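Q: predicted model and sequence below, questions to follow.
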Amino acid sequence: MSGLLAGLLAAFALGLGAHFLRLPGGAVVGAMLGAALYNFSGAPRAALPGWAGVAIQLLVGAMIGFSVQRELLPVLLKVLPVALFGVVSFLVLGGALSYLVVRLGWLDPVSALFGFVPGGISVMSVVAESEGGRGAVVAAMHFVRVVTILLAAPWLAHLLLAFSRGGPGR
């Protein structure tokens with residue numbers, strides 16, 4: 001239990017630090033990095049008990065659900081074709097990348113597919129493991145994806161906004 005407490009302290013410290021520094025996705029990215037760095041440190045390994053992971057997922061689901069408003073339904077219906085196009089595109093690209101890395105001998109098929117297709121870190125790693133893949137590999141791939149996207153997306157959004165207004169110099 002001492003490993004868990006120390007790991008949570010590391011996660012909270014980096015999460016709060018990144019949040020107060022106003023880094024993109026600071027609380028989440030900082031907490032992920034803090035927990036990972038703690039486990040890399042050689043100190044007693046920290047892992048949440050299974051019930052805690054479920055409780056956190058329930059809270060995140062509730063947080064997202066509570067953000068939905070009735071006025072969102074027409075917007076959802078309007079963007080549904082674009083969203084479905086994106087999903088199919090991500091699945092096709094994930095499948096193609098999976099095929100490539102399997103052919104190169106870098107990963108097994110299940111870990112590759114679940115590592116490349118979009119989804120939540122915890123869910124994708126658990127499902128991959130239940131299908132015979134390596135959950136830790138899938139979690140690592142999604143960790144890199146999430147951190148990269150959280151750091152790059154705000155910059156890309158500013159760039160897209162600048163170009164949509166007639167160029168970056170305007």
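A: On my side now, so go ahead.
Q: what residue lies at the spatial centre of the chain?
A: Closest to where the C-alpha atoms of the chain average out (Cα atoms, centre = their mean) is residue 146, at 3.8 Å.
Q: show me what the helix or strand containing that residue is packed up against.
A: Taking DSSP states H and E as the criterion, the element that holds residue 146 is helix 135-164. Helix 135-164 sits against helix 26-40, helix 109-116, helix 121-130, with contacts defined as 3 or more Cβ pairs under 8 Å, 6 or more residues apart in numbering; DSSP states H and E. C-betas here are computed from N, CA, C, even on glycine.
Q: still on that earlier bit, what about the closest residue to the residue nearest to the centre of the chain other than its chain neighbours, distance to residue 157?
A: Nearest non-adjacent residue to residue 146, counting by Cβ to Cβ, 6 or more residues apart in numbering: residue 121, 6.5 Å away. The gap separating residue 121 from residue 157 is 22 Å, by Cβ to Cβ, to the nearest Å.
Q: now the helix ranked longest in the chain: buried residues?
A: When secondary structure is assigned using DSSP state H, the longest helix within the chain turns out to be helix 72-103. Using 16 or more other Cβ atoms under 10 Å as the burial criterion, the residues of helix 72-103 that qualify are 94, 98, 101, 102.
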